[in-house]
Structures are given as C-alpha cells and as structure tokens.
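S.K.: Predicted coordinates and the sequence they were generated for:
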Amino acid sequence: QSALTQPPSASGSPGQSVTISCTGTSSDVGAYNYVSWYQQHPGKAPKLMIYEVTKRPSGVPDRFSGSKSGNTASLTVSGLQAEDEADYYCSSYAGFNNPPYVFGTGTKVTVL
Amino acid sequence: QVQLVQSGAEVKKPGASVKVSCEASGYIFTNYDFHWVRQAPGQRLEWMGRINVASGNTKYSEKFQGRVSITWDTSARTAYMELSSLTSEDTAVFYCARGLPVVAKWLDPWGQGTLVIVSS
C-alpha cells in the first residue's frame, strides 16, 4: 500500500513557522484537490486540520494553512505554539486506485 | 455535538477475529459514510475500508480484502468492523471516522480508537 511521503520531523521555536511537505503522485495528490491534514497528539485520535487542500474546519486556528503544487501538498503552521507539537498526517483521495484513500508517512513537529 | 464512540480494548489470540463497534451521535446517521483506519504502534495511518450507510455499499482496501467486513445497524446508529485471521501485525489501534458519501473530502470526527492486541 503506497503512502504519501512526508519528512519524519520538523521543528521550530515558539512564534516561528514550520512547513511540512506531502509528496504523492499524479494519481492522488496531483489529480485531486482532496488533500487533507490531520493532527495527532500522543495517545489521541487524529483531528482534521485542513481539507480540500486549503480549507479550515470551524474551530481550527488560522495559523494553519494548506497549499498544493503539482504532486506535492504542504501544511504551514505559523506562529508556533506549544500545543502544536504533535504528529501530522496528510491524506489524499486516489480515485479508482485501491486503496482510494492514502495517508502520508507522518511528520513529528517539535516546538523547541 | 457530533461524536463517535468506539468499543473497548480487546486481546485476541492469533487466528481469531475481532469486531469493533462505533456508535454515532449528533448528526443524521444515514447522510454519511463510516471509514475505518488502522494504526500500528508508532506507525502511520492505514485506510481499511468504508461503508455507505444509506445503501450498504462497502469498499475495502486490497490489503485487507477477504479479512475485513464493515457492517452497520441503523437503529443502533452503530457501525462495525470485523477483522479475521488476526496476526501479530494486527496489533494496533483501530479508528472509525465519518466521511462524506461517494468521495470523502475529509474524515471528521474520529472515534477515540480501539486498541486490539494480538498475542498468544
């Protein structure tokens, strides 16, 4: 089962920005604007942070933003706060492939 | 509020089956799909399958095809995921999540997760 590729780790000091990449293929990330990002704190369930590449659910701070270029999507967390320290996973719809939904390898964000 | 509550942790022997439940509240049950996702210890999320509650239509990942079955009970507002022929590789937390029908543009919310330990 192919996974989207993310860097294993990223870090920044409080107040700084961090950007996480998510690289897929022309069959998933590159083909559809259905990339979403999930935040997962240790021992907790994932939480939706970004959907349809750039949209934020109600209640998610505007410090979180998403973008996409070609087969690579990105999540940027601006104004890092201590509570942003977590694992982040991207996900993409992959159409008629199987599985039709793929997740990224995950990125551990550390707030220094 | 919209909430998914899963059943408790399970310990199973290799070769056995496990059935995990996911009870929904706070929204119109039949308007959304249920998805199931596996996360082995320290590992990434893996999509297992989904059920469209309105039609009963299911779609499974090829990786789990033949071993997984997703069902639902509308009156109980509950979806179920049964995984058979368990091995140690199935030791994981299993999550249910709500998604839009046809194309799940997002998965939200997620259940709290159910830990399944496979051990002899």
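M.R.: Done, it's in.

S.K.: from here on, contacts and neighbour counts on C-alpha atoms
M.R.: Will do.

S.K.: Distance of A:Val109 relative to B:Gln3?
M.R.: Taking Cα to Cα, to the nearest Å as the measure, A:Val109 falls 27 Å from B:Gln3.

S.K.: Compare those two (neighbour count), which wins?
M.R.: When neighbours are counted by other Cα atoms under 10 Å in any protein chain shown, A:Val109 comes out ahead of the other of A:Val109 and B:Gln3, with 23 against 18.

S.K.: The nearest residue to that one once chain neighbours are set aside: what's it in contact with?
M.R.: Counting by Cα to Cα, 6 or more residues apart in numbering or on different chains, A:Val109 lies nearest to A:Ala10, which is 4.9 Å off, once chain neighbours are set aside. Counting by Cα atoms under 8 Å, 6 or more residues apart in numbering or on different chains, A:Ala10 touches A:Val18, A:Thr19, A:Ile20, A:Thr107, A:Lys108, A:Val109, A:Thr110.

S.K.: A strand includes the last one, no?
M.R.: Yes - assignment of A:Thr110 by DSSP: H, G, I helix; E, B strand; the rest coil places it within a strand.

S.K.: and it, what does it touch?
M.R.: By Cα under 8 Å, 6+ apart, A:Thr110 lies in contact with A:Ser9, A:Ala10, A:Ser11, A:Gly12, A:Glu85, A:Ala86.

S.K.: can you name the two of these that are farthest apart?
M.R.: Using Cα to Cα, the contacts of A:Thr110 span at most 12.5 Å, a distance reached by A:Gly12 and A:Ala86.

S.K.: mind checking which helix or strand the residue most central in space within chain B is in?
M.R.: Per Cα atoms, centre = their mean, the C-alpha nearest to the average position across chain B is that of B:Trp36, at 3.2 Å. B:Trp36 belongs to strand B:33-39 when assigned by DSSP states H and E.

S.K.: Indicate whether the next helix or strand after that strand makes contact with chain A.
M.R.: Using DSSP H and E, the helix or strand that follows strand B:33-39 in sequence is strand B:45-52. Yes - Strand B:45-52 lies within reach of chain A by Cα under 8 Å from any Cα of the partner chain, at B:Leu45, B:Glu46, B:Trp47, B:Met48.

S.K.: just checking, the residue nearest to A:Val109 is part of a strand?
M.R.: Yes - looking at A:Ala10 with three-state DSSP, it is inside a strand.

S.K.: State the distance from it to A:Lys47.
M.R.: Counting by Cα to Cα - A:Ala10 and A:Lys47 are separated by 19 Å.

S.K.: repeat for B:Trp110
M.R.: 7 Å.

S.K.: Neighbour count for those two, which is higher?
M.R.: A count of neighbours by other Cα under 10 Å puts B:Trp110 above the other of B:Trp110 and A:Lys47, at 26 against 18.

S.K.: circling back to that earlier point, give me the buried subset of the contacts of A:Ala10.
M.R.: Neighbour counting over those (16 or more other Cα atoms under 10 Å in any protein chain shown) leaves A:Val18, A:Thr19, A:Ile20, A:Thr107, A:Lys108, A:Val109, A:Thr110 as the buried ones.

S.K.: one step back: okay, the contacts of A:Ala10 in TSV with distance to A:Val77 next?
M.R.: Formatted as TSV, these follow (distance: Cα to Cα, whole Å):
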residue	distance to A:Val77
A:Val18	5
A:Thr19	6
A:Ile20	9
A:Thr107	13
A:Lys108	13
A:Val109	10
A:Thr110	12
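
S.K.: Throw those into a markdown table and include pLDDT, thanks.
M.R.: Shown next, in a markdown table, are the contacts of A:Ala10 (pLDDT from 0 to 100):
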| residue | pLDDT |
| --- | --- |
| A:Val18 | 98 |
| A:Thr19 | 98 |
| A:Ile20 | 98 |
| A:Thr107 | 98 |
| A:Lys108 | 98 |
| A:Val109 | 98 |
| A:Thr110 | 97 |
